[in-house]
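Asker: heads up, no residue letters with this:
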């Protein structure tokens, strides 16, 4: 197991950059073919750990507003390590909440620290292929949660008991 979080974060950034240019496709997670923001994070997770995280249920572009639950945050907590937002570094995952009382519904992978002078992220959103962009202050204010990828393990976790 890798005990150097910096090496894991650098690997995450390299893997995420491999998805640049992948066309946007709602609910997809296929590098070079199509993905949405969640598909990007799920794809990088699978490449990093060697196994895919849980399959999300079908979701609409407005799913967070429709259900009012923190579905994205709760799934991230099952697979990633939650960290304080100000500690988010390159290779960490950010979840964004667009309105104060609504659940987080967008995710991105940082490529430069959130607390730095020029924070950057890789993400996908409707009408845009996966891209690396600056995190503008208007987006930084909407960060609701931050997570670190787990250190890669040579063996996938066992199946949960039935």
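Answerer: Ah, there it is. Given the structure is predicted, the values throughout are model-derived calculations rather than measurements.
Asker: going by C-alpha atoms from here, please, whenever you check contacts or count neighbours.
Answerer: Fine.
Asker: quick check: residue 117 vs residue 56, distance?
Answerer: As judged by C-alpha to C-alpha, to the nearest Å, residue 117 and residue 56 stand 35 Å apart.
Asker: higher neighbour count, the two?
Answerer: The residue with more neighbours, out of residue 117 and residue 56, is residue 56; 13 against 8, by other C-alpha atoms under 10 Å.
Asker: quick one: which helix or strand includes the more buried one?
Answerer: Assigned by DSSP states H and E, residue 56 falls within no helix or strand.
Asker: any idea of the pLDDT on it?
Answerer: Residue 56 carries a pLDDT score of 84 in this model.
Asker: any idea how far residue 43 is from it?
Answerer: Between residue 56 and residue 43 the computed distance is 13 Å (C-alpha to C-alpha).
Asker: end to end, how far does stretch 86-95 reach?
Answerer: Stretch 86-95 has its terminal residues 13 Å apart, counting by C-alpha to C-alpha.
Asker: ok, stretch 17-35 next?
Answerer: 14 Å.
Asker: give me the contact list for it.
Answerer: Under the contact criterion C-alpha atoms under 8 Å, 6 or more residues apart in numbering, stretch 17-35 has outside partners 36, 38-40, 42-43, 58-59, 61, 122, 124-132.
Asker: tell me the mean pLDDT over the host helix or strand of residue 16?
Answerer: Using DSSP H and E, residue 16 maps to helix 5-17. Averaged over helix 5-17, pLDDT sits at 92.
Asker: same check on stretch 79-92?
Answerer: Stretch 79-92 shows a mean pLDDT of 97.
Asker: now do that stretch: everything it contacts.
Answerer: 8-13, 53, 94, 109-115, 143-150.
Asker: which among those residues count as buried?
Answerer: Using 16 or more other C-alpha atoms under 10 Å as the burial test, the contacts of stretch 79-92 include 8-13, 53, 94, 109-114, 143-150 as buried.
Asker: need the contact list for residue 73.
Answerer: By C-alpha under 8 Å, 6+ apart, the contact set of residue 73 is 95, 104, 145.
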